[in-house]
Structure formats: structure tokens, C-alpha cells
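Trainee: how does the following fold in three dimensions:
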Amino acid sequence: MPIASLKRGLGLGLYAEGLHRLISACVLGSLLAACSTVEIPETVASDAPEKPIAQQPVKTAATIIAEPISSTVTYEEPTDLWERLRLGFDLTADYAHPSVSRQLKRYRQQQDYFDLVTERAQPFLYEVIEQIEQRGLPLELALVPFVESAFNPDAYSHQDAAGLWQFVSATGRSYGLEQTWWLDERRDPLESTRAALDYLEVLYAEFDEDWILALAAYNAGGGNIRRALKNQKNQASDSRRSRFWDLNLNEETRDHIPRILALALVIKSPAEYGVELVSIPNERYLYPVTLTNQIDLSLAARLAEFDLGSLKQLNPHYRQWATPPDDTRTLYLPDRESQRLTSALLTLDSSTLVTFDRYRIKTGDTLSAIARRLGTKVDVLQRANGLKGSRIIAGDSLLIPRGDISESQFETIAQDSKETQRPPASYTVKRGDNLWSIARRYNIRSEDILQMNNLLDAALLQPGQKLVLRNPASRQSNSTNSD
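Mentor: Residues are numbered from 1 along each chain as shown. This next block holds a predicted model:
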């Protein structure tokens with residue numbers, strides 16, 4: 001602004017004051033500019049704060065990455081069990097083998113299969129993963145039940161292997177799985193998992209800490225793998241991979257390991273293989289209830305306000321309609337139902353419970369003589385054991401009620417008798433059937449259906465096709481986890 005204009009606008013007195021302020025500002029600015037070119041001696045600089053707040057450097061991406069992570073950062077647990085599985089897969093060095101790629105076609109776009117195994121696995125998968133993680137083992141081991149039994153705890157093979165992990169009788173007993181007329185712990189999802197992991201750890205130690213060989217031995221038997229290793233002529237070209245791939249083994253075992261690893265690949269990237277995995281919450285589903293007395297499963301279901309069919313699905317190891325007599329046992333139930341049953345048992349008069357003995361029929365026994373001897377009636381024995389007449393067979397067993405038995409209990413026994421019948425010798429494929437649905441209906445393994453009918457792929461099933469569901473006695477093949 002021109003000085004003349006300033007005079008007119010401010011008046012003489014104000015002009016003088018404004019001029020004074022203007023001159024002072026100019027002098028101060030000059031001094032500051034001069035000071036910025038003067039070096040500060042080290043003795044002076046050391047007295048100043050090391051990093052005044054106003055002079056903090058701006059952080060770049062490089063400096064942020066270089067700084068240590070704050071101790072307040074915490075690991076977040078996966079909310080989904082599929083994600084928890086992915087995070088624990090550890091056998092990735094063998095995923096790229098060509099045999100694994102060939103097995104991927106079994107799972108590609110097989111949505112029905114994944115829906116089925118997800119439904120079956122939902123109550124039990126959390127417990128399986130928990131046990132594996134507690135031992136620090138690779139989570140590919142959790143996929144063994146998917147391949148062995150399609151996660152069906154009721155599955156039986158034509159070689160008498162049973163349960164999620166398909167234990168044969170002898171191996172199951174050697175690892176503490178009780179098998180009696182009343183129960184079969186090979187079908188207990190939690191106990192069989194404990195036994196399977198015990199067995200796998202033994203095999204892992206035996207086969208030079210090679211999990212692929214351990215899994216092969218679990219399927220084929222340790223003796224078969226030892227013989228194959230002894231006869232092995234060539235070592236694996238890639239030392240990172242298992243020696244398994246060079247072994248001369250039967251077709252079932254050669255395919256078994258690649259199927260487990262192929263399944264891991266699908267679970268890692270389901271969309272890539274045309275399937276969708278329905279979420280399974282990463283939370284406990286089963287809660288144990290300790291039973292100190294024998295109990296009718298239908299009564300336990302009523303006390304827990306739980307569907308009887310669902311209770312049996314969660315407790316498939318009980319072979320009869322009641323738990324074993326005179327023994328402490330466990331029932332698995334969801335949280336709320338387990339609390340209800342626990343509370344009800346505290347006030348229940350155990351003397352009102354109907355309990356059962358088991359009687360093995362001897363040569364010369366008659367139904368009437370057994371009834372007189374054991375203080376019951378012939379018609380009670382007939383209804384309790386689903387007998388239409390008086391004919392009994394030596395070596396068979398009879399249920400002997402210890403008290404009065406209700407009509408509903410008779411109905412439960414009759415239903416159980418139907419459910420435990422063997423599958424038919426053959427089955428004619430109907431429109432809409434698939435391998436998984438047929439296996440599920442008759443509690444047998446889909447792998448056994450393929451083997452007994454010399455089928456290479458489930459896609460070969462056609463309406464009108466007749467399938468063998470019971471293995472001919474003359475047919476012999478490799479047994480799961482047998483030596």
C-alpha cells in the first residue's frame with residue numbers, strides 16, 4: 001500500500017505507530033533468517049531435547065516395517081474350522097506330486113460330497129482338531145476321517161473296520177478301544193481320535209519321522225510298508241519329499257495318501273476347485289455328561305429335552321438302546337442339553353431306572369427256561385429282543401430287563417433292531433442316487449462300494465445299475481491299519 005494512502009486511512013498518529021511496528025517486524029525477520037545459516041555448536045546442541053516434538057521426522061513405510069511390533073498385538077483365533085485347518089497344514093512339500101494332481105478330479109465340483117461330510121463333521125471336527133493341535137501334529141491328520149469314512153462314525157468296511165478312523169478290531173483293542181456287546185469304542189468319535197493319534201505317533205517314530213510313511217502304514221499296516229521299504233531300489237529324487245512315492249504298494253494305499261493331500265488342496269482353495277465349504281464355527285459342540293448308572297437312551301433324551309435320533313448320532317458307540325450296566329460311562333450332548341441332563345440326574349431316583357443284563361444262550365436253553373431262571377416272562381424277552389417266536393440260537397445274546405419295561409422302551413428296542421440290520425446284499429441304483437447317498441443310507445464306506453463293484457469313479461453310477469453292498473467271502477484285500 002502507498003504511504004500516502006496509509007496516512008489518509010490511519011491518521012498521523014496511527015501512521016507513526018504502524019510504521020514502527022512494520023520496521024520491527026522486518027528487523028526480526030532478518031535476524032531469524034541470519035540465524036538459520038549459523039551452525040549450532042555441539043555443546044549447545046546437546047543441551048536441547050534430542051527430538052523436539054515439532055521436529056519429529058515423518059515415518060515412511062520402511063521405517064514402520066523396521067520398528068519392532070508392539071507387544072499389544074494379539075493373535076486372533078479363526079472363527080471357522082476350515083480356516084483353522086488351513087493354518088495348520090504342514091505337509092505342503094508333497095502337495096505338488098503328480099499323484100496328488102490326479103486325485104484332485106475326485107473332489108473337483110463334488111459339492112454333494114462336501115455338503116455331506118460337512119454335515120457329518122460339524123459335531124466332531126472341533127474335537128479332532130483340538131486333540132491334534134494339543135499334540136503339535138500337522139492338521140492334515142484331521143483329513144484321515146474324511147478319506148477313510150467320509151466322517152461317518154457308523155461306517156463299517158467289508159474288512160470289519162469301523163468308525164471315523166476305520167479301526168479293525170485287533171488294532172482298536174491294542175490302543176484301548178473297548179468292543180463289547182454293549183458298545184464299540186471304535187465308533188466313539190473322541191476316544192477313537194485319541195487312539196488314532198496314539199497309533200500315528202507310534203508309526204511316525206517307527207518310520208523315521210516321515211508323516212507320509214506313517215499315514216501309509218496306518219492304511220496298509222506297518223508290516224507292508226516295512227517290506228516295501230526293504231525292497232525299494234530307488235530313492236526319491238527330491239529329498240524334501242517322502243520316500244513313499246517310490247514304494248511298490250497296492251493300489252488302495254498308493255491312492256490313499258494322494259487323496260488326503262488333494263483334499264487339503266481343495267480345503268485351502270475351495271473356489272478354485274468348484275466347491276463351497278459351508279462354515280463350521282470354531283467352537284466346542286460336544287459336552288460330556290458322566291453317567292454312574294445304566295440308562296435308557298430314550299430316557300436320557302427326554303431328560304435332556306433332546307431328540308433321541310440326534311443323541312444317538314452324537315453317541316454312535318452305544319450299540320444297544322441303553323448304556324452298559326454297572327459301569328461309569330459318558331454321553332456327549334450340546335452345551336444346553338448336557339446341563340439339563342446333568343441337573344435331572346442329580347434328582348433322579350436310580351432305583352426307578354430299568355436296567356438290563358445280557359445273557360448268552362447256551363446249548364439246550366429254551367426261552368421259557370431262561371425266563372423262569374431270571375425272573376421274567378417269555379413275552380418280555382420276546383419283545384425286548386425282537387423275537388417273533390420261541391426259537392433261540394446257542395451263542396446269541398438276550399437282553400434281560402431287571403425291572404418293568406414300558407411300551408415306549410419296547411418301541412425303542414424294536415427301532416434299534418431295524419437300524420442295526422446289515423445292508424442288503426445288493427442295491428439297484430435309482431435316479432438321483434449317488435455314491436455318497438447310498439453309502440450313507442447303509443452305513444458303509446463309499447470306497448468299499450467302489451472296490452466291491454470294480455468301479456473306478458462314482459460318476460459311473462447309472463439308474464438301474466446293480467451294486468454289491470456286501471463283500472463276497474472269497475474276496476480278499478488290504479485291511480485298514482492292520483499289520
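Trainee: how about low-confidence regions in the stretch 1-150 of the chain?
Mentor: Within the stretch 1-150 of the chain, the ranges that satisfy pLDDT under 70 run 1-75.
Trainee: how far does stretch 269-281 sit from its chain's centre?
Mentor: Averaging C-alpha positions (Cα atoms, centre = their mean, to the nearest Å) puts stretch 269-281 15 Å from its chain's average.
Trainee: buried set for it?
Mentor: 270, 273, 275, 277, 280 (16 or more other Cβ atoms under 10 Å). C-beta coordinates here come from the backbone N, C-alpha and C atoms, glycine included.
Trainee: most widely separated two among these?
Mentor: Maximum pairwise distance in these, criterion Cβ to Cβ, is 18.3 Å, between 273 and 280.
Trainee: for stretch 383-394, the distance to its chain's centre please.
Mentor: 40 Å.
Trainee: for it, what is the average pLDDT?
Mentor: Averaging pLDDT along stretch 383-394 yields 84.
Trainee: mind saving the C-alpha coords of that stretch as PDB?
Mentor: The C-alpha coordinates for stretch 383-394 follow below in PDB (Å, rounded to 0.1, in the frame of the first residue of the first chain):
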ATOM      1  CA  ARG A 383     -40.400-108.100  22.800                       C
ATOM      2  CA  ALA A 384     -37.100-106.900  24.400                       C
ATOM      3  CA  ASN A 385     -35.200-108.900  21.800                       C
ATOM      4  CA  GLY A 386     -37.400-108.600  18.800                       C
ATOM      5  CA  LEU A 387     -38.200-112.300  18.700                       C
ATOM      6  CA  LYS A 388     -41.300-113.500  16.800                       C
ATOM      7  CA  GLY A 389     -41.400-117.000  18.200                       C
ATOM      8  CA  SER A 390     -39.600-119.100  20.800                       C
ATOM      9  CA  ARG A 391     -36.600-120.200  18.600                       C
ATOM     10  CA  ILE A 392     -33.300-119.100  20.000                       C
ATOM     11  CA  ILE A 393     -29.700-119.900  18.900                       C
ATOM     12  CA  ALA A 394     -26.800-121.000  21.100                       C
END
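Trainee: quick one: buried residues of it?
Mentor: 383-385, 387, 392.
Trainee: keep only those of the residues you listed that are in helices.
Mentor: 383-384 (DSSP state H).
Trainee: quick revisit: now tabulate the buried residues of stretch 269-281 in a markdown table and tack on secondary structure.
Mentor: Formatted as a markdown table, these follow (DSSP: H, G, I helix; E, B strand; the rest coil):
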| residue | secondary structure |
| --- | --- |
| 270 | helix |
| 273 | helix |
| 275 | coil |
| 277 | coil |
| 280 | coil |
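Trainee: contacting residues around residue 370?
Mentor: Residue 370 sits next to 359, 361, 381, 392, 398, 400 when contact means Cβ atoms under 8 Å, 6 or more residues apart in numbering.
Trainee: tell me the one of the buried residues of stretch 383-394 nearest residue 162?
Mentor: Distances from residue 162 to those, taken by Cβ to Cβ, are shortest for residue 385, at 23.1 Å.
Trainee: so that closest one sits against residue 400, correct?
Mentor: No: contact criterion Cβ atoms under 8 Å: residue 385 and residue 400 do not qualify, at 9.1 Å.
Trainee: can you give me the strands in this protein?
Mentor: Assigned strands in the chain, in chain order: 287-291, 329-333, 356-360, 397-401, 426-428, 466-468 (criterion: DSSP state E).
Trainee: now for residue 315: which residues touch it?
Mentor: Counting by Cβ under 8 Å, 6+ apart, residue 315 touches 297, 331-332.
Trainee: can you flag the buried ones in the residues you listed?
Mentor: Among the contacts of residue 315, the ones that count as buried by 16+ other Cβ under 10 Å are 297, 331-332.
Trainee: what is the nearest of those to residue 134?
Mentor: Nearest to residue 134 among the buried ones among the contacts of residue 315, with distances taken as Cβ to Cβ, is residue 332, at 18.3 Å.
Trainee: around the nearest residue to that closest one once chain neighbours are set aside, how many other residues sit close by?
Mentor: Closest residue to residue 332 in three dimensions, ignoring its sequence neighbours and counting by Cβ to Cβ, 6 or more residues apart in numbering: residue 286, at 4.3 Å. Residues near residue 286, counting by other Cβ atoms under 10 Å, number 19.
Trainee: helices of the stretch 251-400 of the chain, residue ranges please.
Mentor: 251-268, 297-304, 308-314, 335-347, 367-374, 378-384 (DSSP state H, counting those that start in this stretch).
Trainee: could you tell me the end-to-end distance of stretch 213-228?
Mentor: 11 Å (Cα to Cα, to the nearest Å).
Trainee: if we go by neighbour counts, what in it is buried?
Mentor: Quick answer for stretch 213-228 (16+ other Cβ under 10 Å): 213-222, 224-225, 228.
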